[in-house]
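1. Whatever this is, show me its structure:
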Amino acid sequence: MRFVCSGIAAALSLRLRSLRVWAVLLLLPLLICTTHLLLPPEEAAAPVQVGVCLPKRGGEAFWELLQERGGAVMTFLPATEEEIQRNVASGNWDCGMVLPRDFQDRVEALEKDGLITLRISSASVAYPLVRECASACLAQLMSPRIAGEYLLESGILPDETALEDSFRLEALGEGERINITLSTPDGSGLEPLALGRESTDTILRWILSAALLVWMLLSAADLGRWSRTGAASRLLPLRGTTAVLLSRIGADALLALAAGCLSQLLLGGGGWGCLAAAGYVLLWMSAAVLFARWEPVWQALPVCMPFLVVVSLLLSSALVDLAWFAPSLAGVGSVLPVSLYLRGCEGDFLAVTALLSAAPACLGASIALDAAMEKQHNKL
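-> The predicted structure follows:
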């Protein structure tokens, strides 16, 4: 163990003197941080802002209904007609609604034509959404009166006195309505900004995993080439193949681990993200020790690397859940290191445990190969 630690410390000291190593070490967290900061926060203002000019009397109920429908996609702001004109023309607001002075009287008289004036700019694309929202609010306001008119015209009730005495017509409350909730196929609530950020964070975590995978596989190829040098051939029989290879690649693993943990902290992954990154890097470090033992394997790594990255993207469900299309492939993809890493970043204890347990298993297999080779050598 002292030999391994000394070798890692020496290699790490040598690498930290190189400006190229520092550039690679800081480039990945810098790219992750920049991309993450460019995304809007969850509490950011809604992308569609609409100014509403209310009359001095009436329109309070309509305004309350608009506020209920505002949220992550659309927000309504009280304003005067001049403010609407100025902000819509300058592009600060997507559009504006102007209510007439006799709005309440016209609502009670069921006059729908020309009831709301919509001010838009030439670049407005969201005004159909605003128009449908205003129409829904008007329908909710007028629905009791429309129902009463139907009862009178159809002869169900003889006159308005009977209507007032026998029926209480009003819009249904929130708990009495039939609410339709939108969700994704995995059951997540359809909040556009939150889902967009979650999907982007998943893609960024996968990009981080792909960068760490390429880093460790290139290190494995370099380790395999070094193991065929004269210095390695003299050192391997004395200290053991696993210990020597581990002392050489340990520095690269520590640098990759530092970059991965820093990127996870910038992504807001916290402790789970760092644990997942640690398990992921240690797993590929241990696998690199095994790969470097066989020349055909480490020679093929640079050629197979693009294929491995594409396979990890497709089978990890970072872009789309394969369980919707091919359940058998989804089962295979769920046990891949990149899938365990992505689930571990979300707080999956079993995934993190599997990653942290895989590294000792690979090193144990390499040590077992050392013992078998030594036993065979003693027989000879």
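2. Distance check, Lys375 against Gln264.
-> 42 Å (C-beta to C-beta, to the nearest Å). Heads up, the C-betas are built off the backbone N, CA and C, glycines and all.
3. Settle it for me: which of the two has more neighbours?
-> Gln264 (24 against 9; other C-beta atoms under 10 Å).
4. That one contacts Leu208, correct?
-> Yes - counting by C-beta atoms under 8 Å, Leu208 is a contact partner of Gln264 at 7.5 Å.
5. Now the common contact residues for these two.
-> Ala277 (C-beta atoms under 8 Å, 6 or more residues apart in numbering).
6. so what's Arg106 up against?
-> Arg106 touches Pro100, Leu115, counting by C-beta under 8 Å, 6+ apart.
7. ok, now the one 10 residues further on?
-> Applying C-beta under 8 Å, 6+ apart, one finds that Ile116 lies in contact with Met97, Val98, Leu99, Ala134, Leu138.
8. can you name the two of the residues you listed that are farthest apart?
-> Val98 and Leu138 (14.2 Å; C-beta to C-beta).
9. okay, these two: which has more neighbours?
-> Shown here are Val98 and Leu138; by other C-beta under 10 Å, Val98 has more neighbours (19 against 16).
10. Double-check the more buried one against Glu81; I have them as touching.
-> Yes - if you go by C-beta under 8 Å, Val98 and Glu81 touch, sitting 5.6 Å apart.
11. what do these two both touch?
-> Cys53.
12. quick one: what helix or strand has the closest residue to Pro337 other than its chain neighbours in it?
-> In this structure, Pro337 finds its nearest non-sequential neighbour in Leu283, 5.6 Å apart by C-beta to C-beta, 6 or more residues apart in numbering. Using DSSP states H and E, Leu283 sits within helix 270-291.
13. chain center to that helix: distance?
-> 21 Å (C-alpha atoms, centre = their mean, to the nearest Å).
14. Show the subsequent helix or strand relative to it.
-> With DSSP H and E, the next secondary element past helix 270-291 is helix 295-315.
15. got the buried residues for that following helix?
-> Using 16 or more other C-beta atoms under 10 Å as the test for burial, helix 295-315 gives Trp298, Leu301, Met305, Val309, Ser312, Leu313, Leu315.
16. Equivalent analysis for stretch 95-104, please.
-> With the criterion 16+ other C-beta under 10 Å, stretch 95-104 contains buried residues Cys95, Gly96, Met97, Val98, Leu99, Pro100, Phe103, Gln104.
17. List the residues that contact the closest residue in space to Cys133 that isn't next to it in sequence.
-> Using C-beta to C-beta, 6+ apart and skipping residues adjacent in sequence, the residue nearest Cys133 is Arg69, 5.4 Å away. Neighbour list for Arg69: Cys133, Ala136, Cys137 [criterion: C-beta under 8 Å, 6+ apart].
18. and Arg69, how far is that from Ser316?
-> Distance, Arg69 to Ser316, using C-beta to C-beta: 37 Å.
19. Ok, Asp348 next?
-> 13 Å.
20. out of those two, which sits in the busier spot?
-> Each of Asp348 and Ser316 has its neighbours counted (other C-beta under 10 Å); Ser316 has more, 24 against 17.
21. quick revisit: export the buried residues of stretch 95-104 as a markdown table, with columns for pLDDT.
-> Formatted as a markdown table, the buried residues of stretch 95-104 follow (pLDDT from 0 to 100):
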| residue | pLDDT |
| --- | --- |
| Cys95 | 88 |
| Gly96 | 89 |
| Met97 | 89 |
| Val98 | 90 |
| Leu99 | 89 |
| Pro100 | 88 |
| Phe103 | 86 |
| Gln104 | 84 |
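22. Which ones among these map onto strands?
-> Using DSSP state E, the members of the buried residues of stretch 95-104 that fall in strands are Cys95, Gly96, Met97, Val98.
23. For the second one, which non-adjacent residue is spatially closest?
-> If you skip the residues right next to it in sequence, Gly96 has Ile84 as its closest partner in space, 3.3 Å away by C-beta to C-beta, 6+ apart.
24. Compute the number of surrounding residues for that neighbour.
-> The burial count for Ile84: 22, using other C-beta under 10 Å.
25. Make sure Leu235 is actually in contact with Val244.
-> Yes - at 5.5 Å, Leu235 and Val244 qualify as touching, with contact defined as C-beta under 8 Å.
26. out of the two, which sits in the busier spot?
-> Set side by side, Leu235 and Val244 show more neighbours around Val244, with 23 against 19, by other C-beta under 10 Å.
27. So the more buried one versus Arg17, what's the distance?
-> Note on Val244: its distance to Arg17, by C-beta to C-beta, is 22 Å.
28. Ok, Val50 next?
-> 59 Å.
29. who has more neighbours, those two?
-> Counted by other C-beta under 10 Å, Val50 and Arg17 do not tie: Val50 has more neighbours, with 27 against 8.
30. isn't Arg225 right up against Pro302?
-> No - Arg225 is not in contact with Pro302 according to C-beta under 8 Å; the separation is 10.8 Å.
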